[in-house]
Each structure stands twice: as C-alpha cells, then as structure tokens.
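Visitor: structure, please.
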Amino acid sequence: MTTRDYTANVISATKVVPDGNFITSKASGVWDINEALDLIKGGNWPNAANFPPDAFVDALFQTHLYTGNSSTRTITNGIDLSGKGGLVWIKDRDSGSNAHLLYDTERGAYKALKSSSNAANQTRSTGLTGFTSSGFTLGSLGAENGSSNDKVSWTFRKQPKFFDVVTYSSNQSSSQTINHNLGSVPGMIMVKRTSASANWAVYHRGSNGGTNPEEYALNLNTSGAPNQGTSFWNDTAPTSTQFTVGNNALTNDSDPADYVAYLFAHNNNDGGFGEPGDQDIIKCGSYSGSSGDINVNLGFEPQWLLIKEATGSNNQAWHIVDTMRAFEAPPFHDNGSQWLEANTDNAETGDGQYQRVAVTSTGFFLTGNNYGWGRNGETYIYMAIRRGGMQTPTAASDVFSTQLQNAGGSYTKTTGFVADMILQASRDTVLVKRPYDRLRGGSKYLETSSTSAEASGGTMEFDNNTGYTGVTSLNTVDWIWKRARGYFDIVAYTGNGATSNSVAHNLGVVPEMMWIRRRDAVEAWQVPVLITSSGYRNMRLDTTYEGQAISSYTDYTGLKSQPTSTNFVLGQNSQTNVSDGTFIAYLFVTAAGVSKFGSFTQSGATNVDCGFTGDTPSFIIIKRTDAAGDWYIFDSERGIVAGNDPYLELNSTDAEVTNTDIVDPYSGGFATTSSLTNGDYIFYAIAATS
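Guide: So this is what the prediction gives:
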C-alpha cells in the first residue's frame, strides 16, 4: 500500500468504528489485525452471521393486548417509535361504542384519526400521549385506556420494504407527486384528509383484480365497493419513491388541505428480511371467491390479516384478524377466529363453526361461498403480515418456561414471551398430560398418554403477550414453548389420503424430533426422531414402544421422505395422512446454547454434554430406543439435584415419582445415575432459564 492510495481517496485513512457486529455494519478505514481483533472481542465488528433487529418482523410490527386502567401508563411492545417513527392503531375489543383510533409520529401524539369515520384530526390530550423507543404512552381516555376494557393495539414501524408514513398539503392543482421512503412499490396506500372531514381513500394493488388499480379508490371508513375514477391517483401507478394524487378532495383538494398517507409494502420474493436475509414479511394481494374451499398461498404464515371484498355492491366490512386474539387453524370450532371491522366501531366477534378464515403454515384458508370473505364470483383484497419468531433464539428464557401451580381455580402466569404451546401435566394421582397450543385455541386438547381424539373443554387462554391464563383443580406443572426459527415450530394440517402429502413448516432447519397426532379420530402419537444424519426412527409418545428405524420411506412409516428445512412429506398412513383428517405436528430441534436433541448410551452412569454454558438444563426428556421404556420428563422447578428428582412419564397416567434419583446436575448438560437401565437413549433438553 502506498501514500498515493490514500491521497487519491482509493482507501480512507480515517478509521470509522462500526455501529455493531451486524452484517450491515461497516468498518471503513485501514485496520491492522490486532485492532480488528479487539473490536471482534468487544462484539463491535461486522459479522455476516449477525442480522440487525430491523431484519425481523418482531421489531417492525406488534399486536399488543392490554386491559385498560384509566390511568397514565406505558405500553412496551419492543417497537422503536421515537427513533424510527410509525403508526399505532388502537381498538377496544369489548365495546361497540369506541372507535378505531390511529396515531402516528408524523402528526404527533394526541392527534387521532378514526378508521370508521370521515372526521378530521381529533386532539385527545389524554389519549396516546407519547412515542417511546419501545412503544408508546397512554393517558386515561376510555377508548384508548378505559378501566377494565380489553384493548388491542397494532404498531407499524417505519422500515423500507415494510411501512412508511408521510404528511403533505394540497397544492390546489390538478395533480401532485408525493415522495416516500418505502423503498419499494407500495401494495396499499391509505390517505386521510386531516384538516377537515373527508372519507379515507385507499389504493390497493389488487383493486379491479389488479388491472389498472390506480383508477380505483376504496373508503376505509365504509363497506362500499371501490370508486372508479382517475382523479384519486391521477391515473398514475405509484413507484418505489413516489405516489401521485389528482384533484380529488379525498387526496388533493383544490382548497388548502392537509393529509396523512400510510404506505404498506408488498414483498414478492424480494423482501430481504429474516435470518437468511431473503424472506418476505408483508404481502398485499387479491383472491377470487369460490363455492369451494379457498387456500391463499402467501409463502409464509401470517400473524395479521386485513380482508375486504373489492367488487360487487354487497357492502362488506374491512375485516381484521390476528393470532394474538385467536386466528386459528382449521377445522373451525368453538368461537373460531375473532375479528374486528376497520369501518365500524363494533366489538370483537367470531362465529364458531361458521368461522370465516383460518391460518395455515403458508397463508390462510377460507370456506367456500363465505359471506363477506369468499363469496363465489367476487374479488377480495388483503394485506398480510408474517408471523414473528424469524430468528434463532440465543437464550432459553426467551422461548421456554416452567410454571408450577397449586390447585385452586383460575391462575395467570408470566413467562415474558408469547406462549405458543403449553404442555400441562397434573402431579396428583389422577394424571394427564395435555398439550395446548395457540393454533388450535385453548379450549382444545389432546393427551400424550392416550390415543383418544381431540376433546373440548380445555382451560387455557392464549391472548396475552407475556404469559397465559389457565384453570386447574389439581396441582400441575406447565411447560411453555414459544415458536422460533431453528428451535420449535407447530404445524396444523389436513391429510389428503394420497401417497404423498408435502406439509410446509417454518422451522428453517431439518426437525430432529416430531410429535404428530391426528386430532379428529382415535390414533396413536407418531414420533419420528433423527437418530443419525441420514435416518429417522419412528416411535410413539403414548406407549413405551422403542420404535423402529425407518430403513425405507414407505406409507407404513408415515414419513415418505426425509424431512427438509421447509417441508416434511407424509405417506398414505391413517395416523399421519388420512383424507380430510386433521392433524397437529410439534417440531423440535437443537438450537445452540438453548435446546439440544441427541442420543447417548447408558452404561452405569453417564455424563451427557448438551453444549450449554454453566448450569444444568431446566428441562429434560429421556426415552430408551433399544428396548421398551418410559418417556421420562424432568425440570428444574420441581428439582434436578444430586439426589431424588421428581419425574413424570408422558406415556402414562402414573403419579409423579419422587423417590428415585435418575439424573444429576452436570455443567453444560446432565448426568445419569446407575438407576437408569443400561441401553440406548434419545434425549431433549433445554438450557437453564435463570
């Protein structure tokens, strides 16, 4: 390197310390190896393996549920609004007299718009009172924070290829071009005049079936069909940097007027989000109603969905569903998915077995000829946002918890994360182990020790951002999982009875253990476990059966081929793929430092290294594979000590055993004692959570 390289500005001689160890960080200047190593040790050097928080939907969008208290409070949802900017949309779930209220960082706190009204800006001095680096603050107003009322808030953060907010004033001309920072062509634009009363104007790329959508505008505050005309958007399609308005009073009045525009992206295999950096997180599209079932493939599992009929004169509402309030998988049951309507002040509602929409691992499902959601012959537009958990966890406490509860009725537990699956076991003489999950809803349960079909009458409620609510008359232990890439996933699917049924999952890696169960009939639990890099062993959760190696992928074994990081393929087996049968699958895998699936050979006493740092695991499952044996389950809340450890058996209804010492503490893993019969075993462990 010569002086000329610096003076010619080929290389900057000035070192600029990077802003983190993310793949997007830069370390300009000339660094020697020791300087670079010092920064690497301090975690402040670009690393292609690390993705910044804004690469994941969790930092950009949140559905947050809370109960009003009529007092000043802070809502913490992990979204940086004060630094990045965005939109907060609030609705009372219980009351039909409180409107949807929209606040954004461009207009500032205290200023609300109603999605169900044409009203101008409202000043609400004790409504939403501020934006923070992790959420927002509220005053005492009833619609935002009324005492004992259940509320939902949807927060959208500004981010290229996801969402943007801009304000502008009319130019009293025939047209005007508005700049934006979405960085991609908008899929939907919601415009509202803020200085006077006027209907909302909504551009959607799916209007008129996607043909010349710039000639149409829907009204967010009404249920009517699209309005056709060139004056809304000046008959000009939006671009990745601008959108155009004509001389319509809803978007660009001839008199002085102020407006706000909310711009939502449409990712089409170009989102650039997620751990691989190639994932989509938002889609704005359309589908056709049908007399038969409708499956809309997004390429991802949604957590939030807005649907509106966009043809005809049927006056259908703008429906909003989300997974926090119950956006469940088929089949439809109980209260089903709960929806709100953006164009009305109606309280939350659902209609059980006549439920309109359900979530799938790749999109959403609707029953045929569905009034307001899939009527035959009509076209529907939608906006969908991907489910969170796109990144592999690094701390067990972020995705797993064990909770003990004494008999006594209703209880609420705080986990610090969204609960997606709860495996509850009673510890008394009448013992059952029931997995509950968000996809099926808290009223539905199965039993790990039984082949009985799915039953109603469950007692779990999942509508909580940091925990869950249950009811028990027994002494119980609850084990709670959060879904996350590279750690744990849940898939609800319907069998096709064919010789091959490919089921998509969102684990992002090859599953190492799968619990598969038919829901609608009596069948055994199927548990394929990855014993070697190239082969699975098929076991059963409800018996001591040691299973058998899958030497060839046939219909009989359930698995038709070896699972991949995106799919598992099932054969023509009634336990995993009967025609129209409904199934649930729980997928487990090793996440470095968080969870570990593996095998060991017991010989007297054995130390099992899980690769964890420090403490003994908080949770352990052990199952023998070369002979019959129980599915032992231990946890640190009940005790994993150098002495007797309480354990339960997933395959039986036997009482909790407290007088036997099978496992002992071992740094980074666990130790087995001579009380465990010699043989070959699989295990699944989760690292310490505190």
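
Visitor: measure Ser561 to Phe300 for me?
Guide: Summarising the geometry, the distance separating Ser561 from Phe300, computed by Cβ to Cβ, to the nearest Å, is 23 Å. To be clear about C-beta, it is placed using only N, CA and C from the backbone, and glycine gets the same treatment.

Visitor: now Ile75: which helix or strand?
Guide: Using DSSP states H and E, the element containing Ile75 is strand 73-76.

Visitor: coming back round to it: comparing Ser561 and Phe300, which residue is more hemmed in?
Guide: When Ser561 and Phe300 are compared for neighbours, Phe300 comes out ahead with 25 against 13, by other Cβ atoms under 10 Å.

Visitor: which residues touch that one?
Guide: Phe300 makes contacts with 279-281, 362-363, 386-387, 506, as judged by Cβ atoms under 8 Å, 6 or more residues apart in numbering.

Visitor: can you add neighbour count and secondary structure and give those back as TSV?
Guide: Formatted as TSV, these follow (neighbours: other Cβ atoms under 10 Å; DSSP: H, G, I helix; E, B strand; the rest coil):
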residue	neighbour count	secondary structure
Gln279	21	strand
Asp280	22	coil
Ile281	28	coil
Thr362	20	coil
Gly363	21	strand
Arg386	27	strand
Arg387	20	coil
Asn506	21	coil
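
Visitor: just how off-centre is the strand holding Ile75 within its chain?
Guide: From the chain centre to the centre of strand 73-76 is a distance of 21 Å (Cα atoms, centre = their mean, to the nearest Å).

Visitor: could I have that strand exported to PDB, CA atoms only?
Guide: Coordinates of the C-alpha atoms in strand 73-76 are reproduced here as PDB (Å, rounded to 0.1, in the frame of the first residue of the first chain):
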ATOM      1  CA  ARG A  73     -49.300   4.100  31.600                       C
ATOM      2  CA  THR A  74     -46.500   2.900  29.300                       C
ATOM      3  CA  ILE A  75     -47.100   0.200  26.700                       C
ATOM      4  CA  THR A  76     -43.900  -1.700  26.000                       C
END
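
Visitor: any buried residues in it, and which?
Guide: Judged by neighbour count using 16 or more other Cβ atoms under 10 Å, the buried positions of strand 73-76 are 73, 75.

Visitor: which parts of the stretch 51-200 of the chain are strands?
Guide: 61-67, 73-76, 86-92, 101-104, 111-114, 122-123, 128-132, 135-138, 150-157, 163-169, 176-179, 186-193 (DSSP state E, counting those that start in this stretch).

Visitor: which SS class is Tyr553?
Guide: Classification of Tyr553 into helix, strand or coil gives coil, according to DSSP: H, G, I helix; E, B strand; the rest coil.

Visitor: how close does it sit to Pro563?
Guide: Counting by Cβ to Cβ, the gap between Tyr553 and Pro563 amounts to 10 Å.

Visitor: same question for Ile490.
Guide: Following Cβ to Cβ, the distance that separates Ile490 from Pro563 is 15 Å.

Visitor: again, but for Gly581
Guide: Shown here: Gly581 relative to Pro563, a distance of 19 Å by Cβ to Cβ.

Visitor: could you do Tyr632 as well?
Guide: Distance from Tyr632 to Pro563, counting by Cβ to Cβ: 25 Å.

Visitor: as JSON lines, the contacts of Phe300 with distance to Lys151 and pLDDT would be great.
Guide: Below are the contacts of Phe300 laid out as JSON lines (distance: Cβ to Cβ, whole Å; pLDDT from 0 to 100):
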{"residue": "Gln279", "distance to Lys151": "30", "pLDDT": "95"}
{"residue": "Asp280", "distance to Lys151": "29", "pLDDT": "97"}
{"residue": "Ile281", "distance to Lys151": "25", "pLDDT": "98"}
{"residue": "Thr362", "distance to Lys151": "31", "pLDDT": "97"}
{"residue": "Gly363", "distance to Lys151": "28", "pLDDT": "97"}
{"residue": "Arg386", "distance to Lys151": "23", "pLDDT": "98"}
{"residue": "Arg387", "distance to Lys151": "21", "pLDDT": "97"}
{"residue": "Asn506", "distance to Lys151": "29", "pLDDT": "96"}
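
Visitor: pick the one among those residues closest to Thr251.
Guide: Within the contacts of Phe300, proximity to Thr251 (Cβ to Cβ) peaks at Ile281, which comes in at 27.4 Å.

Visitor: who's more crowded, Gly581 and Pro563?
Guide: Each of Gly581 and Pro563 has its neighbours counted (other Cβ under 10 Å); Pro563 has more, 23 against 19.

Visitor: could I get the pLDDT score of Pro213?
Guide: Per-residue confidence (pLDDT) for Pro213: 97.

Visitor: same deal with His64?
Guide: In the predicted model, His64 carries a pLDDT score of 98.

Visitor: hmm, Ile75 and it touching each other?
Guide: Yes. With the criterion set as Cβ atoms under 8 Å, His64 and Ile75 qualify as a contacting pair; they are 6.1 Å apart.

Visitor: between these two, which contacts overlap?
Guide: Taking Cβ under 8 Å, 6+ apart as the contact rule, His64 and Ile75 both touch 135, 153.

Visitor: picking up where we left off before, would JSON lines of the contacts of Phe300 with distance to Glu656 be doable?
Guide: Output for these, formatted as JSON lines (distance: Cβ to Cβ, whole Å):
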{"residue": "Gln279", "distance to Glu656": "43"}
{"residue": "Asp280", "distance to Glu656": "46"}
{"residue": "Ile281", "distance to Glu656": "43"}
{"residue": "Thr362", "distance to Glu656": "40"}
{"residue": "Gly363", "distance to Glu656": "42"}
{"residue": "Arg386", "distance to Glu656": "40"}
{"residue": "Arg387", "distance to Glu656": "35"}
{"residue": "Asn506", "distance to Glu656": "34"}
